[in-house]
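> Sequence and predicted structure, then a few things I'm wondering about:
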Number of protein chains: 2
Amino acid sequence: MTINLNSVKTARGYHHGDLRSALLAAAEGLLAERGVEGFSLRETARRAGVSPAAPKHHFRDTRALLTAIATLAFEDLAARLQAASSDAGIDRSLRIRAQGKAYVRFAVDQRARFDLMWRVPLLEAADEGYCRAGDQAFAALDSLVRGENAEPLEHGDPRLAPSIACWSTVHGFARLALDGTFGLEEDDIARAIDQLLPEVLGHLSL
Amino acid sequence: MTINLNSVKTARGYHHGDLRSALLAAAEGLLAERGVEGFSLRETARRAGVSPAAPKHHFRDTRALLTAIATLAFEDLAARLQAASSDAGIDRSLRIRAQGKAYVRFAVDQRARFDLMWRVPLLEAADEGYCRAGDQAFAALDSLVRGENAEPLEHGDPRLAPSIACWSTVHGFARLALDGTFGLEEDDIARAIDQLLPEVLGHLSL
DNA sequence: CAACTATCTATACAGTGCAAAGATAGCGTA
DNA sequence: TACGCTATCTTTGCACTGTATAGATAGTTG
């Protein structure tokens, strides 16, 4: 009968039903609770109600699982960046600010995922989907800074400088805020996003 | 007799001689080789030629050791930032560029230490020395951006915005470069520091 | 209905951080 | 000089990790 042949390969009705998704969900939950440092594959399996070695059939090893999650996170980020600039009207400067805000908010609201996205030693950095999702997120920013119709550029092209400058500033701000370098508690950060960040972006001429 | 009473508390001539320093050295070496993710206290002890539990008397646990290393790294960074701006003459803009370059170069040349400095979950974030060293590094940049004689400000003061903007940009650039987001290999990064970074900093109006 | 394969379990191994208890070296003091 | 004391280090043990292997089982397919 083979129903659901091209339906995201889920719900085949096996022992577990859909372990792959269950593992991803459990892993995301665990990450949110304990952060990247507190993550463990065994605990993930435990939460999915399955034996320690069960994940092996769906993810070669821990890195593969984490890479899948990081990829999803990048896709999520890209979508949010797109949405943020779309919702901000047509003024370029306003759109850039809105996107920067969305970036930092993503980082703060989804700390563990954000941490993971750049924890390269824990990931398969060469994975195709992971790279593509990352490029996709950058493209959201780049098409805003350099213009919608600007020609796509190679990875090291010097004409990317403005976009990279913008990205560096926003990314650095997010990281420093998350890592407590500004001496901000969890609650202060929300205020920092509304007050400090716009001022910081004001020092950027693009 | 008690010689060496106030001589950095080293070389007391005990079982090992100076295990504390030996552990720090071994740990730094291990970090440089395997990165933060590959670090292990037991391997550190092994390299210092000592039993797995020996470090306990000098560092309460792994976090304490890593915090000590991160603190040293921050002090090192602060010194380099100071030196870089001093060596760059008197032109403010040139000094800022020189300091930014020194910052990124530090991050690239001492990757593992730089990673560790902000890996808060692995550190005792409240440790006094650690916080002080961090502030010290920031002060090196702040006194350059806001002026040597500017009054010292509290941690959340909005007048810090220009310094934070500068720091965010440089820090973000370093992180993105290290984490491979620019698609640069190890070797390309050196070129990026000389060519891309100045251009990026050019987009910053301080 | 039989065979086959994907999926999951059980078990095992090397490694980790850390705690607790025992050995020992060098100090101060009598 | 001899005694005891304490800081230093070793040994042992526990719970945990990731991953490899072999075996059980459920669903599908011929």
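Perfect, I can see it now. Predicted model, so just to flag it, every value in this text is computed and none were measured.

> Need the pLDDT of A:Asp109.
According to the prediction, A:Asp109 has pLDDT 96.

> and if you look at the one 10 residues further on?
Per-residue confidence at A:Arg119 stands at 98 (pLDDT).

> Around it, how many other residues sit close by?
18 (other CB atoms under 10 Å in any protein chain shown). The way it works is simple: take the backbone N, C-alpha and C, and place the C-beta from them, glycine included.

> Look at A:Ile90 and tell me its secondary structure.
Here A:Ile90 takes the coil state, with states given by DSSP: H, G, I helix; E, B strand; the rest coil.

> How many residues are close by it?
Using other CB under 10 Å, A:Ile90 has 7 neighbouring residues.

> Also A:Glu75?
Residues near A:Glu75, counting by other CB under 10 Å: 16.

> and what of A:Gly38?
A:Gly38 has 12 nearby residues by other CB under 10 Å.

> so what's the residue lying closest to A:Trp167 once chain neighbours are set aside up against?
Among residues not flanking A:Trp167 along the chain, A:Leu141 sits closest, at 5.7 Å (CB to CB, 6 or more residues apart in numbering or on different chains). A:Leu141 is in contact with A:Leu81, A:Gln99, A:Tyr103, A:Ser163, A:Cys166, A:Trp167, counting by CB atoms under 8 Å, 6 or more residues apart in numbering or on different chains.

> Not counting residues beside it along the chain, what's closest to A:Thr169?
Spatially, and ignoring its direct neighbours in sequence, A:Thr169 is nearest to B:Thr169 (4.5 Å; CB to CB, 6+ apart).

> ok, now A:Gly35?
Counting by CB to CB, 6+ apart, A:Gly35 lies nearest to A:Ala112, which is 5.0 Å off, once chain neighbours are set aside.

> any idea how far A:Leu204 is from A:Ile90?
Distance from A:Ile90 to A:Leu204, counting by CB to CB, to the nearest Å: 20 Å.

> swap in A:Arg111?
Distance from A:Arg111 to A:Leu204, by CB to CB: 25 Å.

> out of these two, which sits in the more crowded spot?
Neighbours per residue, other CB under 10 Å: of A:Arg111 and A:Leu204, the larger number sits with A:Leu204, 22 against 17.

> and the more buried one, what are its bridge partners?
Counting by DSSP bridges, A:Leu204 forms beta bridges with B:Leu204.

> The closest residue to A:Glu37 other than its chain neighbours: what secondary structure?
In space, A:Glu37 comes closest to B:Pro121 once its chain neighbours are excluded; the distance is 4.3 Å by CB to CB, 6+ apart. Under three-state DSSP, the three-state class of B:Pro121 is helix.

> Would you enumerate the residues in contact with B:Pro121?
A:Gly35, A:Val36, A:Glu37, A:Gly38 are the contacts of B:Pro121 under CB under 8 Å, 6+ apart.

> Can you tell me the SS state at the third one?
Recorded secondary structure, A:Glu37: helix (three-state DSSP).

> pretty sure it contacts B:Leu122?
Yes: counting by CB atoms under 8 Å, B:Leu122 is a contact partner of A:Glu37 at 6.5 Å.

> out of these two, which sits in the busier spot?
B:Leu122 (17 against 12).

> The more buried one and A:Leu116: what is the separation?
From B:Leu122 to A:Leu116 the distance is 15 Å (CB to CB).

> Residues contacting the lowest-mean-pLDDT helix or strand in chain A, please?
Using mean pLDDT, DSSP states H and E, helix A:186-202 stands out as the lowest-scoring helix or strand of chain A, at a mean of 93. Here helix A:186-202 makes contact (CB under 8 Å, 6+ apart) with A:96-97, A:100-101, A:104-105, A:108, A:169-170, A:173, A:177, A:182, A:184, B:156, B:158, B:161, B:164-165, B:168.

> For PyMOL, write a command that selects the buried ones of those.
Only the buried entries of the contacts of helix A:186-202 go into this PyMOL selection, using 16 or more other CB atoms under 10 Å in any protein chain shown:
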select buried, (chain A and resi 96+97+100+101+104+105+108+169+170+173+177+182+184) or (chain B and resi 161+164+165+168)
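
> Looking at the contacts of helix A:186-202, which are in helices?
The helices, defined by DSSP state H, take in A:96-97, A:100-101, A:104-105, A:108, A:169-170, A:173, A:177, B:161, B:164-165, B:168 from the contacts of helix A:186-202.

> Whether stretch A:149-165 contacts chain B - can you check?
Yes: contact of stretch A:149-165 with chain B (CB under 8 Å from any CB of the partner chain) involves A:His155, A:Gly156, A:Pro158, A:Ala161, A:Pro162, A:Ile164, A:Ala165.

> And the residue nearest to A:Trp167, how close does it get to B:Ala45?
From A:Leu141 over to B:Ala45 (counting by CB to CB), the distance is 46 Å.

> Please identify which of the contacts of B:Pro121 is nearest to DNA strand C.
Ranked by distance to DNA strand C (CB to the nearest atom of the strand), the contacts of B:Pro121 are led by A:Glu37 at 11.4 Å.

> Quick check, pLDDT for that closest one.
98.

> cool, and A:Val8?
Here the pLDDT value assigned to A:Val8 is 32.

> can you tell me the residue of chain A closest to chain B?
A:Gly172 (2.6 Å; CB to the nearest CB).

> Leaving out sequence neighbours, find the closest residue to that residue.
B:Gly172 (2.6 Å).

> chain center to the least confident helix or strand of chain A: distance?
Centroid displacement of helix A:186-202 relative to its chain, using CA atoms, centre = their mean, to the nearest Å, is 20 Å.
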